[in-house]
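A.B. asks: One predicted model, sequence on top.
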Amino acid sequence: KSNCEKKDRQIERLQNELELSQTTTRLAEKQYDGLKETIRSLQEENDVIKDENRKLIDRLVSEKEKASEQVNILNEMVEKLKSETNMLRTLKKQDELRKNWFGVATVGKKDQPTTQTPKQQSARKFGIQGSVLPSAPTHRIDAHSGEALCVRYDSSDADLIATSGSDSAVKVWDTNSGLLKATLRGSSGHVMTACDISGGLVVGGGSDKTCRVWNLRTERMIHQLVGHASKISCVRLFGGERAVITGSADRSLKVWDITRKTYRQTVTLRHSSTAYSVDVASDSFTTMSGHMDGGLCFWDVRTGERTADIEGLHEGGITSVQFHPNNSTQVLTNGKDSCLKVVDIRTCVALHTLQHEDFRTNYTWSSCAFSRDGRYAGAVSGSSGKVMVWRTSDGSIVKELEGHTESSGAGFAWGSGGTNGQQVASVDRSGKLIMWA
């Protein structure tokens with residue numbers, strides 16, 4: 001009996017332990033299930049957080065890119081505003097200091113006034129009378145035995161026109177009769193790349209690195225301006241015929257005082273790109289140059305300072321530049337991208353782009369010009385040979401004139417008309433000069 005009781009107690013104890021173990025197991029299973037559910041929930045939350053984090057990073061990157069673009073735009077606007085501010089300051093300074101700096105060199109004393117004839121004072125300031133649109137040739141002249149590269153009207157209102165060519169000569173023609181008035185020769189075998197004429201003086205720059213100045217009445221050379229290290233690409237007389245500015249492939253422009261018997265180089269203007277063209281403002285100390293890199297530069301020749309830059313105005317080199325005859329805030333340019341541009345120098349923006357499907361600027365000496373009142377601008381096409389005239393107020397084409405052979409048009413000039421009203425002339429690579437009426 002005693003043994004049976006012991007066995008019953010052991011069995012009861014074992015059953016109690018078994019029930020406890022089963023209870024513990026069920027509790028562990030419930031805890032395990034709870035932990036699994038918690039882990040699943042945490043994983044879902046983690047996935048949601050990762051997705052939100054990725055979206056946040058993408059949004060931050062996008063916002064950063066937008067902010068960077070806005071900063072770049074603001075920087076460009078700041079630089080443009082700085083450029084416009086500098087331009088306006090320069091114009092204001094020039095208005096305050098408007099004085100012909102060559103007047104001192106002429107008389108030799110600072111306190112003596114500059115004396116100019118009414119004809120000289122009116123140089124480069126024409127535009128009182130209206131322009132005459134060209135319609136037909138009045139004279140067709142075989143002007144040069146080689147290429148004709150440049151054509152210029154006498155800016156002192158004489159009935160004369162000058163041309164230069166690859167035959168080493170500058171020639172002066174009567175716009176009334178079309179007859180040759182003078183032949184002025186440079187170095188044999190060297191191209192006469194550019195010329196200008198005013199007040200009885202003729203200048204010509206050549207591939208021999210020299211600019212020559214002739215007295216038209218005597219046809220004698222009075223100055224031989226030497227100093228460039230490479231060929232001369234452009235020349236221009238200052239108002240009053242007191243000085244000459246020359247541009248060269250040595251990437252410099254030089255101003256020469258020719259008021260004395262012995263010339264004097266007054267200032268050298270340096271640029272990183274060759275100047276193909278140059279013009280002088282009516283104030284006689286502001287000059288403008290167009291360069292091979294498509295940029296336009298403005299200079300104060302009294303100090304040699306570059307007063308303003310308009311970079312990348314043309315996609316190719318600028319082949320011709322001219323100040324507006326009546327509006328000091330506008331200029332005209334021709335570029336190797338085969339278009340003319342009327343530019344506001346206060347905002348450095350092209351007001352109008354003048355182009356045509358038949359117009360091409362093929363040569364670095366291709367020129368353009370304002371009409372005497374600035375209402376029109378013209379040039380000759382290097383592809384079709386047509387003389388083309390645009391209205392500067394809206395950029396519309398108003399004239400297409402055939403006269404030159406194809407692929408030959410190069411030089412173009414629009415003068416003040418002189419006494420006979422003949423205003424427009426053009427030259428081409430065959431050596432031909434055409435005067436239009």
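C.D. replies: Received it, and whenever you're ready, just let me know what you need.
A.B. asks: Show me the beta-bridge partners of Arg270.
C.D. replies: Ser252 (DSSP bridges).
A.B. asks: how far is the helix or strand where Glu12 lies from where the chain is centred?
C.D. replies: Element membership of Glu12 [criterion: DSSP states H and E] is helix 2-96. Remark: helix 2-96 is offset 56 Å from the chain centroid, using Cα atoms, centre = their mean, to the nearest Å.
A.B. asks: other SSEs contacting it?
C.D. replies: The elements that helix 2-96 packs onto, with contact taken as 3 or more Cβ pairs under 8 Å, 6 or more residues apart in numbering; DSSP states H and E, are strand 296-300, strand 305-310. (Each C-beta comes from the backbone N, C-alpha and C, glycine too.)
A.B. asks: quick one: low-confidence ranges for this protein?
C.D. replies: Regions of the chain meeting the criterion pLDDT under 70 cover residues 1, 93-129.
A.B. asks: how about Asp154, phi and psi?
C.D. replies: phi -70, psi 120 (degrees, to the nearest 10).
A.B. asks: can you pull the contacts of the residue nearest to Ala143 when sequence neighbours are not counted?
C.D. replies: Using Cβ to Cβ, 6 or more residues apart in numbering and skipping the chain neighbours, the partner closest in space to Ala143 is Leu433 (3.9 Å). Leu433 makes contacts with 139-143, 148, 151, 161, 163, 173, 425-427, as judged by Cβ atoms under 8 Å, 6 or more residues apart in numbering.
A.B. asks: Swap in 10 Å and give it another go.
C.D. replies: For Leu433, the contacting residues are 139-144, 148, 151, 161, 163, 165, 171, 173, 178, 411, 425-427, by Cβ atoms under 10 Å, 6 or more residues apart in numbering.
A.B. asks: Which of the residues you listed fall within helices?
C.D. replies: Judged by DSSP state H, the contacts of Leu433 include no members of helices.
A.B. asks: element containing the residue nearest to Ala143?
C.D. replies: Leu433 belongs to strand 432-436 when assigned by DSSP H and E.
A.B. asks: Quick check: PyMOL command selecting the buried ones in the contacts of Leu433.
C.D. replies: Selection command for PyMOL covering only the buried members of these, criterion 16 or more other Cβ atoms under 10 Å:
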select buried, resi 139+141+143+144+148+151+161+163+165+171+173+178+411+425+426+427
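A.B. asks: okay, now Val203: neighbour count?
C.D. replies: Counted with other Cβ atoms under 10 Å, the neighbours of Val203 add up to 29.
A.B. asks: Okay, buried residues for the one helix or strand it maps to please.
C.D. replies: Using DSSP H and E, Val203 maps to strand 201-206. By 16+ other Cβ under 10 Å, the buried positions in strand 201-206 come out as Leu201, Val202, Val203, Gly204, Gly205, Gly206.
A.B. asks: quick one: which of the residues you listed is nearest to Val278?
C.D. replies: Distance ranking of those against Val278, using Cβ to Cβ, places Gly205 first at 10.4 Å.
A.B. asks: coming back round to it: relative to strand 305-310, how tilted is the helix holding Glu12?
C.D. replies: If you take axes from the mean of the first three to the mean of the last three Cα atoms, to 10 degrees, helix 2-96 sits at 120 degrees to strand 305-310.
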